[in-house]
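Q: starting from these lines, generate the structure:
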Amino acid sequence: MNSRQAIFLLAVFGALAVALVSLYVLGGQQSQMQDGKVSVVATFYPLAYMTREIGGDHVSVRVLIPYNTEVHSWQPSVSDMIALTNAELIVLNGAGLEPWFNEKVLPSLNLSRTVVLDTTEGLELLALGEGEPEAYEHDHGGEYDPHTWISPYMAGKQAERIYSALVEVDPSHSEYYKARWDTLKAKLDSLDARYQQELANKSRSEIIVSHGAYGYLCSRYGFEQRSVIGLTADKQPSVQELRALVDFMVEHNISVLYVDPAYSPSYINTLKGELESQTGMAVKILKLYLALGPVDGKDYLDQLASNLENLKSGLLAG
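A: Residues are numbered from 1 along each chain as shown. Below you'll find the model as predicted:
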């Protein structure tokens, strides 16, 4: 964290202290179980999507990080902190995705009546750099690759933990949550099976991506990623790294590049222009969604399904 971020958080905590005193005077319990619904705060879109799919009419879900926003360096507002204080259930991704939450925000809150769920706790996580060749590993500042939700298999594990947490917080509607969890589980299991079956006969084993966030897809479905900007969007590539990527694509006759709509396509466009200039072949740029919010008329599951179709285009190309 830099000095500006530290000053910002100190200001947030000061304002929060005043707000919390007011809340306690008024009786903080009134904000829990609003309208008879479980009050849930999810840090970002995929977790909110899963919670709503399972919780249905019995949950009220607030999302902290605005849709399609870089999640690694985001910081909460005072209103966010108050919402967290009033939540019955807080849903995190964990695995180092929200270091600002665990290190600075969570210790400052009184959460005696709140369940805090780390959806990746206990899951088998990838160490940083797995799924990416050594020469292309990028420093993320943490221990694990946090981009679990992009894999249908890992998302299913996270959603199961959300289901269990909702039953713990609101056991009176356990049968309702079970029925909706079964429906979501069936959809994620079906997607996982499709990925395994439809990528089984791929003729390529590497993809070129703008953001190295697809390690869990690589690990489960048997390919590797080479990224332009690594695991965080704030690390810019050097000229040597860009040249190495172009040389690799020329050597392996790669004609498909991937970019997520949440990030600038500038580096991918640079690679495309350089590759077409050197080889004369047409290079396609396809979307590989990070699923940080609804986009292109697609919700979370739609984006995971679209990723499969675009991966088939790049990995099956002979």
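
Q: C-alpha only now, for contacts and for neighbours.
A: Noted.

Q: can you report how many residues lie near residue 312?
A: Using other Cα atoms under 10 Å as the criterion, residue 312 is surrounded by 19 other residues.

Q: so for the helix or strand hosting it, mean pLDDT?
A: In this structure, residue 312 is located in helix 300-315 according to DSSP states H and E. In this model, helix 300-315 has an average pLDDT of 97.

Q: ok, now stretch 147-163?
A: Throughout stretch 147-163, pLDDT has a mean value of 98.

Q: CA atoms only for it - export them in PDB, please.
A: Written as PDB, here are the backbone C-alpha positions of stretch 147-163 (Å, rounded to 0.1, in the frame of the first residue of the first chain):
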ATOM      1  CA  HIS A 147      -8.700 -15.800  -9.900                       C
ATOM      2  CA  THR A 148     -10.600 -18.900  -8.800                       C
ATOM      3  CA  TRP A 149     -14.100 -17.800 -10.000                       C
ATOM      4  CA  ILE A 150     -13.200 -18.000 -13.700                       C
ATOM      5  CA  SER A 151     -13.000 -21.800 -13.500                       C
ATOM      6  CA  PRO A 152     -16.500 -23.400 -13.300                       C
ATOM      7  CA  TYR A 153     -15.000 -26.200 -11.100                       C
ATOM      8  CA  MET A 154     -13.500 -23.800  -8.600                       C
ATOM      9  CA  ALA A 155     -16.700 -21.600  -8.700                       C
ATOM     10  CA  GLY A 156     -18.700 -24.600  -7.800                       C
ATOM     11  CA  LYS A 157     -16.600 -25.100  -4.700                       C
ATOM     12  CA  GLN A 158     -17.000 -21.500  -3.700                       C
ATOM     13  CA  ALA A 159     -20.700 -21.500  -4.300                       C
ATOM     14  CA  GLU A 160     -21.100 -24.600  -2.100                       C
ATOM     15  CA  ARG A 161     -19.500 -22.700   0.800                       C
ATOM     16  CA  ILE A 162     -21.900 -19.800   0.200                       C
ATOM     17  CA  TYR A 163     -24.800 -22.200   0.400                       C
END
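
Q: where's it relative to the chain centroid, distance-wise?
A: 10 Å (Cα atoms, centre = their mean, to the nearest Å).

Q: what's in contact with that stretch?
A: Among residues not part of stretch 147-163, those counted as contacts by Cα atoms under 8 Å, 6 or more residues apart in numbering are 46-47, 50-51, 54-55, 91, 97, 117, 119-120, 123, 177-178, 181, 185, 188-189, 191-192, 213-217, 290-291, 304.

Q: so residue 165 sits in a helix?
A: Yes - assignment of residue 165 by DSSP: H, G, I helix; E, B strand; the rest coil places it within a helix.

Q: quick one on the thing from earlier: buried only: go through the contacts of stretch 147-163 for me.
A: Among the contacts of stretch 147-163, those classed as buried by 16 or more other Cα atoms under 10 Å are 46-47, 50-51, 54-55, 91, 97, 117, 119-120, 177-178, 181, 185, 188, 191-192, 213-217, 290-291, 304.

Q: restricted to strands, list those.
A: For the buried ones among the contacts of stretch 147-163, the ones inside strands are 91, 117, with DSSP state E as the criterion.

Q: go through the buried ones among the contacts of stretch 147-163 and flag which are in helices.
A: Mapping the buried ones among the contacts of stretch 147-163 onto helices (DSSP state H) picks out 46-47, 50-51, 54-55, 177-178, 181, 185, 188, 191-192, 215-217, 304.

Q: helices along this structure, start to end?
A: For the chain, the helices defined by DSSP H occupy 3-26, 45-55, 78-86, 99-100, 152-169, 174-198, 215-221, 239-251, 266-279, 300-315.

Q: compute the number of surrounding residues for residue 110.
A: Counted with other Cα under 10 Å, the neighbours of residue 110 add up to 12.

Q: no, scratch that, I was asking about residue 102
A: Using other Cα under 10 Å: residue 102 sits among 14 other residues.

Q: same check, this time on residue 264
A: Neighbourhood size, residue 264 [other Cα under 10 Å]: 12.

Q: could you do residue 72 as well?
A: The tally of other residues near residue 72 (other Cα under 10 Å) stands at 17.

Q: how about it, nearest residue that isn't a chain neighbour?
A: Residue nearest to residue 72 in three dimensions, not counting chain neighbours: residue 97, with 6.0 Å by Cα to Cα, 6 or more residues apart in numbering.
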